[in-house]
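S.K.: I need the structure of the sequence given here:
(chains A and B)
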Amino acid sequence: MVLCDMEFPNHGIIDSDVSTNTTIAAGKIHHQQSVTAELAAPGDNIGEPSRYLCQIHGRSANLISFDLTLTNTAEGDATNYVDVTLYRGNFGTDFESIGTMRVTDQTQRTTATMTLNQTRLNDGDVLYVGVTVTGTFGSLTIPTGVAVTLTWTEEPRSG
Amino acid sequence: MGTIVDLEFPNGGIVDADVSANADISGTKITRQQGHTVEVFDSSTSVAAVASVLLHQVYGATAKVIAFEASIFTVGTSDHTVTVKLQKANAGSDFSELSGDGIVITSTTSIRTPQPASIETTALSDGDILRAVVTVAGSGTAPKGLLLTLTYQEAPTS
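M.R.: So this is what the prediction gives:
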């Protein structure tokens, strides 16, 4: 029997429609992944670290989010701030910025999310984060204990 | 009520649009593909020998290696080579090679370009520990920056 126009109840297949005795092959699913990198340990000033975060292995990929959190409540102003930039490079090309977030005032243990200029990634793309600090901060509290989390989806390719 | 015994879906099977946006398909029904990337040396640091870079411990009923890749960020010179091998061990056994001769990086290797290993043994078992071993040889200048990415699939353990 061939069904040419079939509608599932519940507006599509849901969990209970899938056998408990099956595992759907990874190659049929886009996988969401994340990596968290500690740029500064709790209590340590952020400084100007850089980290490689991931390299894409998939026919295609999409960035979902880039989030930053601190262990202290940081302060800043127009002349004292921290810029965190996400870069992408691939196959010998120079790294290009795909987004920068400026940390001026941010409450401890809350998440700030970067506005991404592009989200489409290609196989082999390297994602890299860099930090620059502007100003001496003076009596202002510089960010400490900084972690970033990159989340993306990949369409698998074999081999 | 009759029983459908031979059901064919259009498009060769169920496609994404057939799955409800609220499907919440259980993780126990899906084999996941994941990647794990390790910055062994940053882009300003020369690559040196590393006896063991621990990458992952398998947690799954079955698992397999999909790819193991290395990238550098500044090329080395002359006859300098970097070799990166993938190994596994389990339950007290010695580490064994998964990637044969490994990834060999020379002065002609392109920067920021994934160099894939030829994986001779892809099958993994629950509890397998995966690590990379980095060795160097030759008298030239070492490349700078080393990024390793392990891509693997795990079928869930309930």
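
S.K.: how many residues are close by the closest residue to chain B within chain A?
M.R.: Nearest residue of chain A to chain B: residue A:12, at 3.3 Å (Cβ to the nearest Cβ). Backbone N, C-alpha and C define where each C-beta goes, glycine included. For residue A:12, the neighbour count with other Cβ atoms under 10 Å in any protein chain shown is 17.

S.K.: can you tell if stretch B:126-135 touches chain A?
M.R.: No - counting by Cβ under 8 Å from any Cβ of the partner chain, chain A has no neighbours in stretch B:126-135; the shortest distance is 13.9 Å.

S.K.: identify the residues contacting that stretch?
M.R.: B:38, B:40, B:47-61, B:63, B:65, B:68, B:82-91, B:95, B:98, B:124, B:146, B:148, B:150, B:152, B:157 (Cβ atoms under 8 Å, 6 or more residues apart in numbering or on different chains).

S.K.: measure the residue of chain A closest to chain B to residue B:25 for me?
M.R.: Distance, residue A:12 to residue B:25, by Cβ to Cβ, to the nearest Å: 11 Å.

S.K.: okay, and the common contacts of these two?
M.R.: Common contact partners of residue A:12 and residue B:25 (Cβ under 8 Å, 6+ apart): residue B:19.

S.K.: just the buried members of the contacts of stretch B:126-135?
M.R.: B:38, B:40, B:47, B:50, B:53, B:55-56, B:58, B:60, B:63, B:65, B:68, B:82-88, B:95, B:98, B:124, B:146, B:148, B:150, B:152 (16 or more other Cβ atoms under 10 Å in any protein chain shown).

S.K.: can you report how many residues lie near the residue of chain B found nearest chain A?
M.R.: For chain B and chain A, the shortest gap (Cβ to the nearest Cβ) falls at residue B:20, measuring 3.3 Å. Other residues within reach of residue B:20, judged by other Cβ under 10 Å, total 16.

S.K.: got the contact list for the residue nearest to it when sequence neighbours are not counted?
M.R.: Nearest in space to residue B:20, with sequence neighbours left out and distances taken as Cβ to Cβ, 6 or more residues apart in numbering or on different chains, is residue A:12 at 3.3 Å. Contact analysis of residue A:12 by Cβ under 8 Å, 6+ apart lists B:17-21, B:23.

S.K.: let's go with 10 Å and repeat that
M.R.: B:14, B:16-23 (Cβ atoms under 10 Å, 6 or more residues apart in numbering or on different chains).

S.K.: give me the element the residue lying closest to residue A:31 once chain neighbours are set aside is part of.
M.R.: Closest residue to residue A:31 apart from its sequence neighbours, by Cβ to Cβ, 6+ apart: residue B:33 at 4.9 Å. Per DSSP states H and E, residue B:33 falls inside strand B:32-46.

S.K.: next, the buried residues of that strand.
M.R.: B:32-35, B:37-43, B:46.

S.K.: for residue A:139, give its distance to residue B:11.
M.R.: Separation of residue A:139 from residue B:11 (Cβ to Cβ): 64 Å.

S.K.: give me the below-cutoff pLDDT ranges for chain A.
M.R.: Chain A contains residues with pLDDT under 70 at A:1-7, A:9-10, A:158-159.

S.K.: let's see it at 80
M.R.: A:1-11, A:91-93, A:157-159 (pLDDT under 80).

S.K.: for the host helix or strand of residue B:133, output the C-alpha coordinates as CSV.
M.R.: For residue B:133, the host element (DSSP H and E) is strand B:129-137. Provided in CSV are the C-alpha atoms of strand B:129-137 (Å, rounded to 0.1, in the frame of the first residue of the first chain):
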residue,chain,number,x,y,z
ILE,B,129,38.8,5.7,26.7
LEU,B,130,40.1,7.6,23.7
ARG,B,131,43.2,9.6,23.7
ALA,B,132,45.6,11.3,21.2
VAL,B,133,49.3,11.0,21.2
VAL,B,134,51.5,13.7,19.6
THR,B,135,55.1,13.0,18.5
VAL,B,136,57.5,15.2,16.7
ALA,B,137,60.6,14.5,14.6
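
S.K.: show me which of the contacts of residue A:12 are buried.
M.R.: B:14, B:18-20, B:23.

S.K.: among those residues, which one lies nearest to residue A:77?
M.R.: The closest of the buried ones among the contacts of residue A:12 to residue A:77 turns out to be residue B:23 (Cβ to Cβ; 47.2 Å).
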